[in-house]
Structures are given as C-alpha cells and as structure tokens.
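Novice: my questions are about this predicted structure, shown below with the sequence.
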Amino acid sequence: MSQYVEELVKKARASSYRLNNLDPKIKKAALLKMAAALLKAKDYILRENQKDLIAAANKNLPASFIDRLTLDEKRLRSMAGSLKEIARFPDPVGKVIRQWKRPNGMTIKKIRVPIGVVLMIYEARPNVTSDCAGLLFKSNNVGILRGGSDALNSNLAIAAVLQKAVRSAGVKFEPFFLVEKTEHELLDELLKQSETIDLVIPRGGEGLIRKVAETSRIPVIKHYKGVCHIFVDATADFKKALKICVNAKVQRPGVCNAVEKILVHKNIAAKFLPLLKKEFDRYKVEIRADSAAVAILPGVKKAHADDWSAEYLDLIITVGVVKNAEAAIVHINQFGSHHTDSILTKNKANSERFLREVDSACCFANISTRLSDGQQFGLGAEIGISTDKLHARGPMGVEDLTTYKYIVTGSGQVRE
C-alpha cells in the first residue's frame, strides 16, 4: 500500500469516531456555513471550473460531458440550497427505528447509526463534491471523495472552501477528504481497503461502475446507468404527454434520469407519433424507431438491437409501438436499467399495474422522469440514485446513509 493511501484511510477512520460524537447543533451550524461559503467564494470556484472546461474543450470531450462539468451561479446557488436543506433535516443518527420489551424484562432498541467511512467515486460533476460532503457529514459518515481528473480543479476549489467553513464552525478534525491524486493505481488500492473503508458508492459511466464492482473488496452500492422509459398509454392526454416527453428528453439530456426510450400504445401511435416528432424536430432530437414507428414516421432511422438498452445521454431517443400496458411492462423489465420509468395514462387500472409490476427503483405515473432526483423528492440532495436493491434503492438521502444497531438493556438477566 502506498504511503498516501495508508495515511488517507488511517485519518478517515480516526475522523469517523470523532464525527460520531459531534454535537448535532455544531453539524447544523457547519452545514449553514458551508452553504454560505460556496456563494461567497463563487468567483474563485467558477475561475477554477473554467480551467477544467478549457481543458475539456481542448480534448474535444462530448457536449453532454461538458454540461455535467459546468458550474455557473445558478448551479452554485442550487448546491448552497441543498446544503441549507440538509442542515434543516432532523438528525438521523440515534433515531429509534423500533423499541420493544421482552418477557424477561430486557428492553431492545433498534437505532440508526452511521455506516462509517464511505468512498465516493464519481466523474464529471463537481456539484457531487458538495452534495456528498453535506450528506455524509449530516449522517456522521466520513467521506473519501475521489472525483474524476477532468474536474480536479473544480473539486479542489469546492473542497477547500467547504473544509475552511467546517473549521470555522468549531470542528477540529477533517470530516471528509478529497483524493488529490488521480492515478488509476491509487483507486485500485483504495478499493482493497476493506478494513478501513465500509462502503463504496460509484457514480458515473457504465465502464467505471463495472470496474469498481469487479475490483472492490468493499461492499458496493451501484448507481448504474439510466435507461429510463416513458410509456404513452391509449388514454394519455396528448398535450400533457408531449410536454412530459419533451421535458424528459430535452431539459437536460446528459443526466441519468433523462428519458431514453418512449413506448406508444398502438391505438394512438398513428396520431401521437407525428406530433411527437414535430416537437422533437424543434430541438434537433434524433429518433431511432422500431418497424411499426418507422412505418408511421418515414425517414427516421431504424433502431438496431443495441439501441433498446443504450443510454445515450444525448439528444437521441428510441421510439417503439406496443400493443398494450402489459407489453410495455415486459419490454421495460427486459431492456431497462431498473432506474426510473413512467406511464402516461388516464386508465387507473393500467397505472396501478405499471407501478406494481415494473421492477425499477422509481416508478412514475403522469410525470417526467427528470423528477427522479433527491432534491425533487425533498431529500435536500442525493448521494446518487441506486439501481441496486440492497441496502438502498432509488435516490439516496441522509437516512439511506445509515445502518442500524441494537441497544439492549436489562437488570441482570441471563439465558436459562
């Protein structure tokens, strides 16, 4: 193990014990100072972000990547707002989940406790540094934050600002650590530290997440790709459905909750699809379609087999025609990534069946997939959107960053 990794994980473990004893009032004050500090240091942060953007442009990185990398005043205000909202949340640590008394007189409490040391691995989004630092701090977890090399200047600036704010609130130790080195060998070393790191959460592209899951000796919660679907049922309100489909694809195409596939009921396909194409043409969205949709929309590109499971993160959409809600459900469960899927319908039975049978972390009715988000759910922010089933699923907020333990008290009981 390199000296850098050895010292990093040793410090993180020591901080985790101190953080667990920190007064919740101090945590709240620190989070509010962190929020204020981001806005006060906006010129410095944006200047450092500009360095990353220039480097990304020189590498000819995709527009969707540069969008995720970009910070501006609006995004900084959103980051600060998330920290303020996290500060206002009730402290999850020590919360009694359940309490009961046994016939022998002993009392059992099941309470929330922090996970410990959490290794976050993420790519282009510098706002993740702020969100993760806040959520982990609130839940008494120490974060080891390993961002991508393309966002290093931005991440270093944000981390420095937040760490200074935490110290000004009277916290005399480091509650999170930014990994300042970007070598791949260092990441491989960190993923072996199962005695000092309790959990790994990777956020990024399919390749990154597969590598982490295959390499790690530490439990991993995967925040996998977002192959999100919308099913437009026969009874859908066309005006609302068009607005939702456009929002889900166009509002920010380079994120995991943007829609990638739209399925349309065969009874309305001939009327709905031309209207949908007209809307998408306004935004230069490329449509790839199955045979039935191509017959209605001559000139659009025919979808290949790989298109149905592809996450484009771009202004590209795959469109298909299905015979009913059951067929849509089967298709989504086969080709989706268990992230977020939505049905647009006035049919209550179809809506309830879709919500019950689609095997995804977030199942929606009559809303855009773009609303699959921790902040939109009222969680303040999210550590990510888990596509796993254990130990957390969907947008992960403060409570999802805790585990539990049993506190058992008695008066001298022994086992007979």
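Specialist: Good, I have the coordinates.

Novice: where are the low-confidence patches of the stretch 1-150 of the chain?
Specialist: For the stretch 1-150 of the chain, no stretch is flagged by pLDDT under 70.

Novice: what about the strands in it?
Specialist: 96-101, 107-114, 117-122, 142-146 (DSSP state E, counting those that start in this stretch).

Novice: what's the closest of those to Thr369?
Specialist: strand 117-122 (21.0 Å; Cβ to Cβ). Yep, even glycine has a C-beta here, placed from its N, CA and C like the rest.

Novice: what's the domain layout of the chain?
Specialist: 3-221+396-409, 228-371 (automatic domain parsing).

Novice: want to throw the strands of the stretch 1-150 of the chain into CSV with distance to Gln413 and mean neighbour count?
Specialist: Output for those, formatted as CSV (distance: least, Cβ to Cβ, whole Å; neighbours: other Cβ atoms under 10 Å):
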stretch, distance to Gln413, mean neighbour count
strand 96-101, 12, 10
strand 107-114, 11, 16
strand 117-122, 35, 26
strand 142-146, 36, 24
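
Novice: could those strands go into JSON lines alongside distance to His338?
Specialist: What follows is the strands of the stretch 1-150 of the chain, written out as JSON lines (distance: least, Cβ to Cβ, whole Å):
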{"stretch": "strand 96-101", "distance to His338": "26"}
{"stretch": "strand 107-114", "distance to His338": "26"}
{"stretch": "strand 117-122", "distance to His338": "20"}
{"stretch": "strand 142-146", "distance to His338": "25"}
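
Novice: so for Ser194, which of the ones you listed sits nearest?
Specialist: Using Cβ to Cβ, the nearest of the strands of the stretch 1-150 of the chain to Ser194 is strand 117-122, at 10.7 Å.

Novice: which of the strands of the stretch 1-150 of the chain sits closest to Val220?
Specialist: Per Cβ to Cβ, nearest to Val220 of these: strand 117-122, 9.4 Å.

Novice: quick one: that closest one to strand 142-146, angle?
Specialist: Inter-element angle recorded for strand 117-122 and strand 142-146: 30 degrees (by axes from the mean of the first three to the mean of the last three Cα atoms, to 10 degrees).

Novice: picking up where we left off before, make JSON lines from the domains of the chain and add distance to Thr387 to it.
Specialist: Converted to JSON lines, those look like this (distance: least, Cβ to Cβ, whole Å):
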{"stretch": "domain 3-221+396-409", "distance to Thr387": "9"}
{"stretch": "domain 228-371", "distance to Thr387": "5"}
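
Novice: which one, of those domains, ends up nearest to Asp388?
Specialist: domain 3-221+396-409 (5.4 Å).

Novice: just the terminal-to-terminal distance for that closest one.
Specialist: 43 Å (Cα to Cα, to the nearest Å).

Novice: and it, how far from the chain's centre?
Specialist: Taking Cα atoms, centre = their mean, to the nearest Å, one finds the center of domain 3-221+396-409 at 13 Å from the center of the full chain.

Novice: contacts only, for the nearest residue to Pro114 once chain neighbours are set aside.
Specialist: Sequence neighbours aside, Asn140 is the residue nearest to Pro114 in space, at 3.8 Å (criterion: Cβ to Cβ, 6 or more residues apart in numbering). Shown in contact with Asn140 (Cβ atoms under 8 Å, 6 or more residues apart in numbering): 16, 19-20, 22, 93, 113-114.

Novice: against Arg112, how distant is Asn140?
Specialist: As judged by Cβ to Cβ, to the nearest Å, Asn140 and Arg112 stand 10 Å apart.

Novice: so what's in contact with those two at the same time?
Specialist: Val93.

Novice: and the residue nearest to Pro114, how far from Pro175?
Specialist: 9 Å.

Novice: identify the contacts common to those two.
Specialist: Leu19.

Novice: follow-up on the earlier one: pick out the most distant pair among the contacts of Asn140.
Specialist: Leu22 and Val113 (13.7 Å).

Novice: CA atoms only: put stretch 375-394 into PDB for me.
Specialist: What follows is stretch 375-394, C-alpha atoms only, in PDB (Å, rounded to 0.1, in the frame of the first residue of the first chain):
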ATOM      1  CA  GLN A 375     -33.700  17.300  -4.300                       C
ATOM      2  CA  GLN A 376     -37.100  16.900  -6.100                       C
ATOM      3  CA  PHE A 377     -38.100  14.200  -3.600                       C
ATOM      4  CA  GLY A 378     -37.400  16.600  -0.700                       C
ATOM      5  CA  LEU A 379     -34.200  14.800   0.400                       C
ATOM      6  CA  GLY A 380     -32.200  18.000   0.100                       C
ATOM      7  CA  ALA A 381     -29.700  16.400  -2.200                       C
ATOM      8  CA  GLU A 382     -28.800  12.800  -3.100                       C
ATOM      9  CA  ILE A 383     -25.600  10.700  -2.900                       C
ATOM     10  CA  GLY A 384     -26.900   9.200  -6.100                       C
ATOM     11  CA  ILE A 385     -29.700   7.000  -7.500                       C
ATOM     12  CA  SER A 386     -29.100   3.400  -6.500                       C
ATOM     13  CA  THR A 387     -30.200   0.800  -9.000                       C
ATOM     14  CA  ASP A 388     -29.400  -1.900  -6.500                       C
ATOM     15  CA  LYS A 389     -31.900  -3.500  -4.100                       C
ATOM     16  CA  LEU A 390     -29.600  -3.700  -1.100                       C
ATOM     17  CA  HIS A 391     -29.000  -1.800   1.100                       C
ATOM     18  CA  ALA A 392     -30.700   1.300  -0.500                       C
ATOM     19  CA  ARG A 393     -32.700   1.900  -3.700                       C
ATOM     20  CA  GLY A 394     -33.500   5.000  -5.700                       C
END
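
Novice: so which bits of it are buried?
Specialist: Residues of stretch 375-394 classed as buried: 375, 379-388, 392-394 (neighbour count, 16 or more other Cβ atoms under 10 Å).

Novice: cool, and stretch 239-250?
Specialist: 241-242, 244-250.

Novice: what mean pLDDT does it get?
Specialist: For stretch 239-250, the mean pLDDT works out to 98.
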